[in-house]
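Asks: can you look at this prediction? I've put the sequence above it.
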Amino acid sequence: MTENTLLSVEDITVDLPTPRGNLRAVDHVDLKIGAGRTLGVVGESGCGKTMLSRAILQLLPKKAKLSGRVMFDGKDLLQLSPEKLRKLRGRSLAVVFQDPMTSLNPVLTIGTQLIETLQEHLELDLATATRRSVELLAAVGIPAPEQRVMQYPHQLSGGMRQRVAIAIALSCEPKLLIADEPTTALDVTIQAQILDLLAREQRRRHMAMILITHDLGVVAGRADEVAVMYAGRVVERAPTPALFKKMRMPYTEALLAALPKIDAAPHTPLPAISGRPPDPTRPLKGCSFSPRCRYAAGRCHTEKPGLAEAESGEHVYACFHPIAAGAGARA
Amino acid sequence: MATLELSIDQDVVEASERRGRRLGLLFWIAISWVIFVFAVAIFADVLPLPSPTDMDMLEKRAPFSFVHWLGTDGLGRDELSRVIYGARISLVVGICAPIIGLTLGGALGMLAGYFRGRFESLVVGSMDVLLAFPPLILALAVTAYLGQSIPNLTFVLGLLSVPAFMRVARAATLTLARREFVIAAQALGATHARILLRELLPNVMLPLFAFFLLGVAVIIVVEGALSFLGLGVPPPISSWGSMIGEGRQSLEMAPRLAFIPAIAMFLTVLSFNLVGDTLRALTDPRQGAL
């Protein structure tokens, strides 16, 4: 990372006490993101992606224990007073959630929800805030925004609602946008539109974005850097081109192989990753991926691999038996 | 096959009919009755009615006539006028008491459901104590120490309705507070007060208001029961409950003296229940879908 770092997550660990014992949702994660850059966070359900984003926002469940450091724009978010933190959220840090059906308040018009956010943070008067809301709705591609501001969320389609959620998130010109699976609940045809919209607004506002997804295909063309998470840990992190050219971690390879390919013959079976992620309340002694890994041998089962550097310091992976350089092209 | 198709057709017709008049005829009759009772109670002073407290010992238990439309009671007072003035008491107590419950219980329930933790245990615990306390004993104690008056009666009934409203508000808040839009509001930097008042209150208000209407019906009955037992409004004033109580003494000679206020109460309570139920049914599925 040569450019100035906007957000750096240093050695973050999130523990959730559950009736079955301590659940380590995020396990010593380090991430960095520069201003205006996009970081893709990829991993399957339950690997800690959402908990990581909540940890950055300091919106973890009350019982959760968080350790480490989250530096945002030169400030340590963990040391910030609740009041300062609250002012930062929405103003500099914004989120788009997975399901636009539930992330908008069902009994308030979308105009009210936009206007109140604008008034809260930018201290605009009602007329200015209303005008800005209409502009924002137009910017996110909502037709007839003057009429839409008076409508309730249930009068809008899923894609429209996600556009509204994005408009609300963008309303105060945040420096960092966290998009937590923004397209998972949407139709495939809408997904590309929403991702393009996010990318366009990101360029226009020069804001950094963390794009959380379980789909490697989503981050492929859109992220500058990709972090692959498995069982709460970052298992491989690299600039996007390097990752797709020379992936080292068998899990990344398996994820990519599990993507359906448009040029494959019809009825080609998808190579799914067999087995399930380990129980997060019963951590394994060795590599978390070892029970499902086809390269696993020997010390994979007894020792946790640390993050090792590949060709450059920007590409790191946690594996004892990395895939040989060039092998990634096969997947 | 033919019968099968026929039944499907019928279903379709019924479904569209149901959509057509979703609120139903009964709802409108109930609303009309409630409005009628309100109007009569509000304009009682303007209506050409004989005084509800003027006694006429020569006309005791007079039957229906043009002078006394619903006859007179055991002390020769005009029955219609007493039912209408009684509606005032029943409605004032029946609405003010649930408002106390709605405000106190609603606020406590929302705070308990939103903040959880020790505060919630404290609120739920104290409400359980209040629920376990025999309501009649509480009403007796309050009227014995503070005197028999309409404000005291309203206060007691209001206090007794707090736990129920608290439970409705807390249950609604508990489920709503976990919805993503609350986290989204937090992520946008909303304060607790803003989340409670602007995000949660409009959502909690729907079930609370429907419950409020049912509460009105219950309180009218409870006020009637207390007045019947002589714990309600002080004697010269009439309320439906006290009228039923007085009518009991002449049940054999003139059963209508107990039945007329009873019918008025029955129709009003039924109407409030119908309106409340319809509104609840209207708000429930919308909450579930979103």
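Replies: Structure received.

Asks: just the element for residue 131, please.
Replies: Using chain A here. In this structure, A:R131 sits in helix A:126-139 according to DSSP states H and E.

Asks: actually, chain B is the one I wanted.
Replies: Assigned by DSSP H and E, B:L131 falls in helix B:117-132.

Asks: what segments of chain A are helices?
Replies: Counting by DSSP state H, chain A has helices at residues A:49-57, A:82-88, A:110-122, A:126-139, A:145-148, A:158-170, A:188-205, A:216-220, A:240-245, A:250-257.

Asks: the helices in chain B, which residues?
Replies: Counting by DSSP H, the helices of chain B are B:2-20, B:24-42, B:79-115, B:117-132, B:135-146, B:150-177, B:180-187, B:192-194, B:201-228, B:240-248, B:256-289.

Asks: hey, least reliable of those helices by pLDDT?
Replies: Of all those, the minimum mean pLDDT falls on helix B:2-20 (a mean of 46).

Asks: so where's the stretch 1-150 of chain A shaky on pLDDT?
Replies: By pLDDT under 70, the weakly predicted segments of the stretch 1-150 of chain A are A:1-3.

Asks: returning to what we had before: how about the helix holding A:R131: buried residues?
Replies: A:A129, A:T130, A:R132, A:S133, A:V134, A:L136, A:L137, A:A139 (16 or more other Cβ atoms under 10 Å in any protein chain shown). The way it works is simple: take the backbone N, C-alpha and C, and place the C-beta from them, glycine included.

Asks: just the closest of the residues you listed to B:L70, please.
Replies: B:L70 has its nearest neighbour among these in A:T130, at 57.5 Å by Cβ to Cβ.

Asks: contact partners for the closest one?
Replies: Taking Cβ atoms under 8 Å, 6 or more residues apart in numbering or on different chains, we find A:T130 in contact with A:G111, A:I115, A:V149.

Asks: ok so, going back, quick check: which of the helices of chain A is nearest to B:V40?
Replies: When those are ranked by proximity to B:V40 (Cβ to Cβ), helix A:110-122 comes first, at 39.4 Å.

Asks: near chain B at all, the closest one?
Replies: Yes: with Cβ under 8 Å from any Cβ of the partner chain as the criterion, chain B is reached by helix A:110-122 at A:E116, A:T117, A:E120, A:H121.

Asks: for the helix holding B:L131, buried residues please.
Replies: Buried positions in helix B:117-132, judged by neighbour count with 16+ other Cβ under 10 Å: B:E120, B:V123, B:V124, B:M127.

Asks: mind putting these into JSON lines with distance to chain A?
Replies: Formatted as JSON lines, those follow (distance: Cβ to the nearest Cβ, whole Å):
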{"residue": "B:E120", "distance to chain A": "12"}
{"residue": "B:V123", "distance to chain A": "18"}
{"residue": "B:V124", "distance to chain A": "18"}
{"residue": "B:M127", "distance to chain A": "23"}
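
Asks: related to what we said a few turns ago, what angle separates the helix holding A:R131 from helix A:158-170?
Replies: Calculated by axes from the mean of the first three to the mean of the last three Cα atoms, to 10 degrees, helix A:126-139 forms an angle of 130 degrees with helix A:158-170.

Asks: off-centre distance for helix A:126-139?
Replies: Centroid separation for helix A:126-139 versus its chain: 28 Å, with Cα atoms, centre = their mean, to the nearest Å.

Asks: could you export it as PDB, CA atoms only?
Replies: Extracted as PDB, the C-alpha positions of helix A:126-139 are listed here (Å, rounded to 0.1, in the frame of the first residue of the first chain):
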ATOM      1  CA  LEU A 126     -36.100  20.800   5.200                       C
ATOM      2  CA  ALA A 127     -36.400  22.300   1.700                       C
ATOM      3  CA  THR A 128     -32.600  21.800   0.900                       C
ATOM      4  CA  ALA A 129     -32.700  18.300   2.400                       C
ATOM      5  CA  THR A 130     -35.800  17.400   0.300                       C
ATOM      6  CA  ARG A 131     -34.100  18.700  -2.900                       C
ATOM      7  CA  ARG A 132     -30.900  16.800  -2.100                       C
ATOM      8  CA  SER A 133     -33.000  13.600  -1.500                       C
ATOM      9  CA  VAL A 134     -34.600  13.900  -5.000                       C
ATOM     10  CA  GLU A 135     -31.100  14.500  -6.500                       C
ATOM     11  CA  LEU A 136     -29.700  11.400  -4.700                       C
ATOM     12  CA  LEU A 137     -32.600   9.200  -5.800                       C
ATOM     13  CA  ALA A 138     -32.100  10.400  -9.400                       C
ATOM     14  CA  ALA A 139     -28.300   9.700  -9.000                       C
END
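
Asks: that concludes my questions; thank you for your assistance.
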